[in-house]
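*Asks:* give me the fold of what follows.
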Amino acid sequence: MQAGQASWRADRAREEARTCSAQPPAALRGCRCRYNPRHSVHPTGFMLLDIIDTATAESAAEGYSRIALGVEYKGARYRGWQRQASGVPSVQQALEQALSKVANEPISVVCAGRTDAGVHGCGQVVHFDTRAVRDERAWTMGTNFNLPHDISVVWSRPMPADFHARFKACARRYRYVIYNDPIRPAHLAEEVTWNHRPLDVDRMAEAAQFLLGTHDFSAFRASQCQAKSPIKHIYHLRVTRHGQMIVLDVRATAFLHHMVRNIAGVLMAIGAGERPVAWAREVLEGRNRREGGVTAHPYGLYLVQVEYPEAFALPKRYIGPHFLSGYEALAD
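*Replies:* Okay, here's the model as predicted:
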């Protein structure tokens, strides 16, 4: 039995050595990858063992161009932004597949903020590094041609080598949209959070003031949050009503995992009269997630804007989501 196992291992080692020494397709020569024709197919159609993510570096490598994209997506049918195991849909994987077809080489992207399952984006920013030479229209329209209907590239821009979608961001902005009506919505079922109880927007707005400024937001972070520090600074947290829609608009340096959804959960409990206005301050000062109520549903949450130094001159669009674009009070 032992001799048979040794023989099998030797045969396997020889096979691995033979296949890994095979020459990659011409389109992959010079790319930062190891080629093995026995492993899974990369979205471009090439067979790869793995792809080394050049875009994760703080600066683009010599011979590569760094490209930035603005991306919007409906997150309802994805398991979040981040690339998942095989067969699990993610926004990142779909975008990388489409970009790889346009570039005719493997592409990996880095985003400004990794959104959770069910969370939407209308102001996401990503960057990637490539040897391919394409104009802005090709990166935008060509990628959209290969994307599913619920993901769209809205702009592209060649960037300096030191641009980084995550590390160069100086502020991020989210909106949480609540449909406040006794009857659940049909048309926006996956794009808003439905709350059937009457919510007092004035109470919610008053409670939101306790969260402004620099604080320890431990009570508003998920247990699996990987952030090094719970200290964050909230620049603004506005609560406004527009018919049946209530919009929480929050801008901060950065956010903890589930931070906006946990804030929404606290404010909705206060708006419904379940808790006093001062409860928001008590939760914040208690720094205990277990005392912070429920985490609000992901469907109402949108990453709407990522801010960068003016020197990068990134395109500016209206703040989404689209169905709120007609409200003048939300224009800024």
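*Asks:* check contacts around Thr140.
*Replies:* Going by C-beta atoms under 8 Å, 6 or more residues apart in numbering, Thr140 touches 69, 153-156. C-beta coordinates here come from the backbone N, C-alpha and C atoms, glycine included.
*Asks:* is it in a helix, a strand, or coil?
*Replies:* Per DSSP: H, G, I helix; E, B strand; the rest coil, the local secondary structure of Thr140 is helix.
*Asks:* distance of it from Val250?
*Replies:* With distances taken as C-beta to C-beta, to the nearest Å, Thr140 is found 29 Å from Val250.
*Asks:* over to His257?
*Replies:* Distance, His257 to Val250, by C-beta to C-beta: 15 Å.
*Asks:* which one's more surrounded, these two?
*Replies:* Using other C-beta atoms under 10 Å, the more surrounded residue of His257 and Val250 is Val250, with 24 against 16.
*Asks:* quick one: the helices in the stretch 1-150 of the chain?
*Replies:* Per DSSP state H, counting those that start in this stretch, the stretch 1-150 of the chain carries helices over the ranges 2-20, 91-103, 136-137, 143-145.
*Asks:* lowest average pLDDT across those?
*Replies:* Ranked by mean pLDDT, those bottom out at helix 2-20, which scores a mean of 46.
*Asks:* now the residue lying closest to Gly142 once chain neighbours are set aside: how far from Lys316?
*Replies:* Distances taken as C-beta to C-beta, 6 or more residues apart in numbering put Val102 closest to Gly142, at 4.2 Å, once the chain neighbours are dropped. Counting by C-beta to C-beta, the separation of Val102 from Lys316 is 24 Å.
*Asks:* of these two, who's got more company?
*Replies:* Using other C-beta under 10 Å, the more surrounded residue of Val102 and Lys316 is Val102, with 21 against 10.
*Asks:* do I have it right that that one meets Thr143?
*Replies:* Yes - under the contact definition of C-beta atoms under 8 Å, Val102 touches Thr143, with a separation of 5.5 Å.
*Asks:* I figured Asp181 was touching Arg197, is that so?
*Replies:* No - counting by C-beta under 8 Å, no contact exists between Asp181 and Arg197, whose distance comes to 10.1 Å.
*Asks:* residues contacting the residue nearest to Gly142?
*Replies:* Applying C-beta under 8 Å, 6+ apart to Val102 gives the contacts 132, 134, 138-139, 142-143, 146.
*Asks:* which residues does Pro158 bridge with?
*Replies:* Residues found in beta-bridge contact with Pro158 (criterion: DSSP bridges) are Ile67.
*Asks:* tell me the pLDDT of it.
*Replies:* At Pro158 the predicted local distance difference test score is 97.
*Asks:* can you get me a residue count around it?
*Replies:* Other residues lying near Pro158 total 13 when counted by other C-beta under 10 Å.
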